[in-house]
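Novice: just the structure for this:
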Amino acid sequence: MDQLLEFLRDYWWLAFPAFGILSATAGAWQKAGRDRHKRRLEILKAKAELKAAQDAARGGARATDPIPDRADADTVPPLERQMAAHDDVTARWLDYELDVGKTIDFPAMSDGRQPLTAAFLRAKRVADGLRPASPTMKLTPEQVREYRDAVVDYEVAFDLAERDARRMKVSGFTDAERRRLDTAKQLLNTATDAAATPAERQLAYHRVREELDGLLSISDGAIDALEKRVALELPSASSDRPDAPPASHVA
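Specialist: Residues are numbered from 1 along each chain as shown. Prediction:
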């Protein structure tokens, strides 16, 4: 006991830095807790909006496009409208999925770990699985209603995921990672610039892949689309001559 008292008497000043460290640690824990709480509230709010939008959309669909009784199953309305809405959402999604530039700008749209993106992808699988083979396919009223509800879920889930991705942008990345994304975006402009030489485009393309490696998951379709843009045909200097042979494509 005497040794402890002697130690405290000689090294009492250590209490101040220790208190500072404990305070900083507690502050970090509190901030992390607040961030998690804020994110949970955002997800709960988005889920509430999703349910309200689904209910409103289904209510509108029922009011404008009634499903006949089973006895009138042969007169089920055509499915063109639902299938067109389905195709429209898919086209909007592919606009992100096949564009490396948009993937860089709004990475959450391609990140299945994001709750709203994951919900959209689940809704997509359901709608795709229920999609009829053709708009003239004979379905029961229950099948029509099930597909229509799945398309509504698909539309609303996409809208929420898109809005969240545009709000977040690259906020989930560190400063160093954001600099890499900025560099990749600048290189992407060179890689798809028809005024650049084939060598410049190819070099920029490979550097884009290097900058994004480990940061973003780029779909195979986006890579294929980018490679086609990188391999743009450049007119040869002699193509203005009447007897000049056709310009060849650059691989």
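Novice: all helices in the protein, in order from the N-terminus.
Specialist: Counting by DSSP state H, one finds helices in the chain at the ranges 2-10, 15-64, 80-97, 100-105, 115-130, 141-168, 175-191, 198-212, 220-230.
Novice: which of these has the lowest mean pLDDT?
Specialist: Here the lowest mean pLDDT among the helices of the chain goes to helix 15-64, at a mean of 56.
Novice: so this structure: which segments form each domain?
Specialist: Taking automatic domain parsing as the domain assignment, the ranges for the chain are 41-168, 175-234.
Novice: okay, those in a markdown table with mean neighbour count next?
Specialist: For the C-beta atoms, the positions are set from N, CA and C on the backbone; glycine is no exception. Supplementary listing: these in a markdown table, determined by neighbours: other Cβ atoms under 10 Å:
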| stretch | mean neighbour count |
| --- | --- |
| domain 41-168 | 16 |
| domain 175-234 | 16 |
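Novice: contacting residues for Arg113?
Specialist: Neighbouring residues of Arg113 by Cβ atoms under 8 Å, 6 or more residues apart in numbering: there are none.
Novice: report pLDDT for it.
Specialist: Looking at Arg113, the pLDDT reads 94.
Novice: quick check: it vs Ser217, distance?
Specialist: Distance check for Arg113 against Ser217: by Cβ to Cβ, to the nearest Å, it reads 10 Å.
Novice: same question for Arg81.
Specialist: Summarising the geometry, the distance separating Arg81 from Ser217, computed by Cβ to Cβ, is 34 Å.
Novice: again with Ala195
Specialist: 30 Å.
Novice: same check, this time on Pro115
Specialist: In this view, Pro115 and Ser217 are 17 Å apart by Cβ to Cβ.
Novice: cool, and Ala118?
Specialist: Distance, Ala118 to Ser217, using Cβ to Cβ: 14 Å.
Novice: spit out the contact partners of Thr192.
Specialist: Taking Cβ under 8 Å, 6+ apart as the test, what Thr192 contacts is Arg201, Leu226, Arg229, Val230, Leu232.
Novice: for those residues, which one is nearest Asp128?
Specialist: Nearest to Asp128 among these is Leu226, at 25.2 Å by Cβ to Cβ.
Novice: hmm, the closest one is touching Val100, no?
Specialist: Yes: under the criterion of Cβ atoms under 8 Å, Leu226 makes contact with Val100 at 5.1 Å.
Novice: intersection of neighbour lists for those two?
Specialist: Taking Cβ under 8 Å, 6+ apart as the contact definition, Leu226 and Val100 share the neighbouring residues Leu188, Val208.
Novice: turn the contacts of Thr192 into a markdown table, including distance to Leu188.
Specialist: As requested, the contacts of Thr192 are arranged in a markdown table below (distance: Cβ to Cβ, whole Å):
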| residue | distance to Leu188 |
| --- | --- |
| Arg201 | 10 |
| Leu226 | 8 |
| Arg229 | 9 |
| Val230 | 10 |
| Leu232 | 14 |
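Novice: pull the most distant pair out of these.
Specialist: Between any two of the contacts of Thr192, the greatest separation by Cβ to Cβ is 11.3 Å, found for Leu226 and Leu232.
Novice: and Ala133, how close does it get to Met83?
Specialist: With distances taken as Cβ to Cβ, Ala133 is found 10 Å from Met83.
Novice: swap in Ile104?
Specialist: 32 Å.
Novice: so how far does stretch 98-114 reach from one end to the other?
Specialist: From its first residue to its last, stretch 98-114 covers 19 Å (Cα to Cα, to the nearest Å).
Novice: now do the contacts for the nearest residue to Gln114 once chain neighbours are set aside.
Specialist: Spatially, and ignoring its direct neighbours in sequence, Gln114 is nearest to Ala108 (4.7 Å; Cβ to Cβ, 6 or more residues apart in numbering). Under the criterion of Cβ under 8 Å, 6+ apart, the neighbours of Ala108 are Gln114, Leu116, Thr117, Ala161, Asp164, Ala165, Met168, Gly172.
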